[in-house]
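> model this:
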Amino acid sequence: YLVNPWFGLLAGMAGGALGGLLHAVITVTFGVDHIVSGVGINLLIPGICAYVNKIYYTDYVSAGAGANQSPPADSLPYLTVPGLSHWLDTIESHHWFLVSDVAGILGGVTTNLSVVIILAAALIVASYFVLWRTVFGLRLRSCGENPTAAESLGVNVYKYKYLAVIASGAFAGLAGSYLSLVAAHFYKDGQTQGRGYIGLAAMIFGNWMPGGLAAGAGLFGFTDSLQLRDADSVHVLLIVVAVVMALMALWQLYRRKITGAVVSFVVAGGMAIWFVATDSVPRPLIVATPYVITLVVLALASQRLRPPKADGQIYRKGQGK
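Numbering: from 1, shown residues only. Reported below is the predicted structural model:
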């Protein structure tokens, strides 16, 4: 971590994979409930990190370390698309209706983009390809849908469950490494601030699909980034939310979902009144926005979810015989 940020990235993924291995041993081998194991690991790992932090980083106080944080680390590379980024900035500066707005968004994703973001986007595409275009993915999905049937066809269910949980742990470790190496450039106790649970919510919001998960992560990431904006800028979003909720209410009314339409209209009206009656949004509310949005989205999306049929179920080898 202190020698090379790439080593820190790999170490973070390795640590996440070890956490996934621990979770797999507890749930797959010993048959412990997934929620119980997950809560236990989420209590155990932060304590271990805090303990190791206080022991290891005391030797680096002169380099900027503290009792609960590491010294600053070197940054991972940032990439900018030559020519395209400048061209998009030029279009944005003309302030053309809609065109400049789109150019500004595209310029943001082609300028000073962290390699970790690019890697994460590539992993989304790779995950889709592996899960739906390979024999390995077919067997893995069969273990999640009907492990008994998969075993009857010769699939080693335990092996695939282990590989899936370890891979998910490595992905979680990649996300944690991003917080330390890109977002903050140092490690600090409690740095995740519950973002792992928001990631779980993004998976549920995306209906266990890579593309849907990416959309959910974008939504929650956007609300989390509001903390970097001033209160006046966030205040403008109130009217945007009001318009979106009004459109959603009309759509639900068209589908004859009266209860949902009424709730959406009430929320839209409340947001509009809030926008007119105030000039800014309180900072504590901005900080809480990602968590509030998580609860709201999960509540609204609960009726259309289709998780794997065997998700969370304890499976024992040979139980179908």
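> what's the burial count for the residue lying closest to Phe275 once chain neighbours are set aside?
Leaving out its chain neighbours, the residue that sits closest to Phe275 by C-beta to C-beta, 6 or more residues apart in numbering is Leu238, at 4.0 Å. C-beta: built from backbone N, CA, C; applies to glycine. Other residues lying near Leu238 total 18 when counted by other C-beta atoms under 10 Å.
> sec struct for Leu238, please.
At Leu238, secondary structure determined by DSSP: H, G, I helix; E, B strand; the rest coil is helix.
> any stretches of this protein with poor pLDDT?
For the chain, the stretches with pLDDT under 70 are 1-3, 62-63, 228-233, 300-303, 319-321.
> please identify the buried residues of the helix or strand in which Ala50 is found?
Assigned by DSSP states H and E, Ala50 belongs to helix 34-56. By neighbour count with 16 or more other C-beta atoms under 10 Å, helix 34-56 contains the buried residues 34, 37-38, 41, 49, 53.
> helices or strands up against that helix?
helix 5-24 (3 or more C-beta pairs under 8 Å, 6 or more residues apart in numbering; DSSP states H and E).
> gap between the helix it packs on and the chain center?
Centroid separation for helix 5-24 versus its chain: 17 Å, with C-alpha atoms, centre = their mean, to the nearest Å.
> pull out the buried residues from that helix.
Buried-residue list, helix 5-24, by 16+ other C-beta under 10 Å: 5, 8-9, 12-13, 15-17, 19-20, 22-24.
> and stretch 205-220, by the same measure?
In stretch 205-220, counting by 16+ other C-beta under 10 Å, buried: 205-206, 208-210, 212-214, 216-217, 219-220.
> what is the burial count for the closest residue to Asn4 other than its chain neighbours?
Excluding the flanking residues, the one nearest Asn4 by C-beta to C-beta, 6+ apart is Asp74, at 7.5 Å. Using other C-beta under 10 Å, Asp74 has 13 neighbouring residues.
> and Asp74, how far is that from Thr80?
According to C-beta to C-beta, to the nearest Å, Asp74 and Thr80 sit 19 Å apart.
> which residues touch the residue nearest to Phe275?
Shown in contact with Leu238 (C-beta atoms under 8 Å, 6 or more residues apart in numbering): 271-272, 274-275, 281.
> what does Tyr162 give?
21, 24, 28.
> from these, which is closest to Ala65?
Nearest to Ala65 among the contacts of Tyr162 is Leu21, at 29.2 Å by C-beta to C-beta.
> quick one, phi/psi of the residue lying closest to that closest one once chain neighbours are set aside?
The shortest distance from Leu21 to any non-neighbouring residue, by C-beta to C-beta, 6+ apart, is to Ile166 (5.4 Å). Main-chain dihedrals, Ile166, degrees, to the nearest 10: phi -60, psi -40.
> quick one: contacts for Ile166?
Counting by C-beta under 8 Å, 6+ apart, Ile166 has contacts 17, 20-21, 24.
> dump the residues you listed to JSON lines, plus distance to Ile293.
Formatted as JSON lines, those follow (distance: C-beta to C-beta, whole Å):
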{"residue": "Ala17", "distance to Ile293": "30"}
{"residue": "Gly20", "distance to Ile293": "27"}
{"residue": "Leu21", "distance to Ile293": "32"}
{"residue": "Ala24", "distance to Ile293": "31"}
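> ok, these vs Ala184, which is closest?
For those, the nearest to Ala184 is Ala17 (22.4 Å; C-beta to C-beta).
> kindly export the one helix or strand Lys159 maps to (C-alpha atoms) in PDB.
Assessed by DSSP H and E, Lys159 sits inside helix 157-178. C-alpha atoms of helix 157-178 as PDB (Å, rounded to 0.1, in the frame of the first residue of the first chain):
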ATOM      1  CA  VAL A 157     -22.400 -27.300  -6.700                       C
ATOM      2  CA  TYR A 158     -20.100 -26.600  -3.700                       C
ATOM      3  CA  LYS A 159     -17.200 -25.600  -6.000                       C
ATOM      4  CA  TYR A 160     -19.300 -23.100  -8.000                       C
ATOM      5  CA  LYS A 161     -20.800 -21.700  -4.800                       C
ATOM      6  CA  TYR A 162     -17.300 -21.200  -3.400                       C
ATOM      7  CA  LEU A 163     -16.000 -19.500  -6.600                       C
ATOM      8  CA  ALA A 164     -19.000 -17.200  -6.800                       C
ATOM      9  CA  VAL A 165     -18.700 -16.000  -3.100                       C
ATOM     10  CA  ILE A 166     -14.900 -15.600  -3.400                       C
ATOM     11  CA  ALA A 167     -15.300 -13.600  -6.600                       C
ATOM     12  CA  SER A 168     -18.000 -11.300  -5.000                       C
ATOM     13  CA  GLY A 169     -15.600 -10.800  -2.100                       C
ATOM     14  CA  ALA A 170     -12.800  -9.800  -4.400                       C
ATOM     15  CA  PHE A 171     -15.200  -7.300  -6.200                       C
ATOM     16  CA  ALA A 172     -16.100  -5.800  -2.800                       C
ATOM     17  CA  GLY A 173     -12.400  -5.500  -1.900                       C
ATOM     18  CA  LEU A 174     -11.900  -3.600  -5.200                       C
ATOM     19  CA  ALA A 175     -14.600  -1.200  -4.100                       C
ATOM     20  CA  GLY A 176     -12.900  -0.700  -0.700                       C
ATOM     21  CA  SER A 177      -9.600  -0.200  -2.400                       C
ATOM     22  CA  TYR A 178     -11.200   2.600  -4.500                       C
END
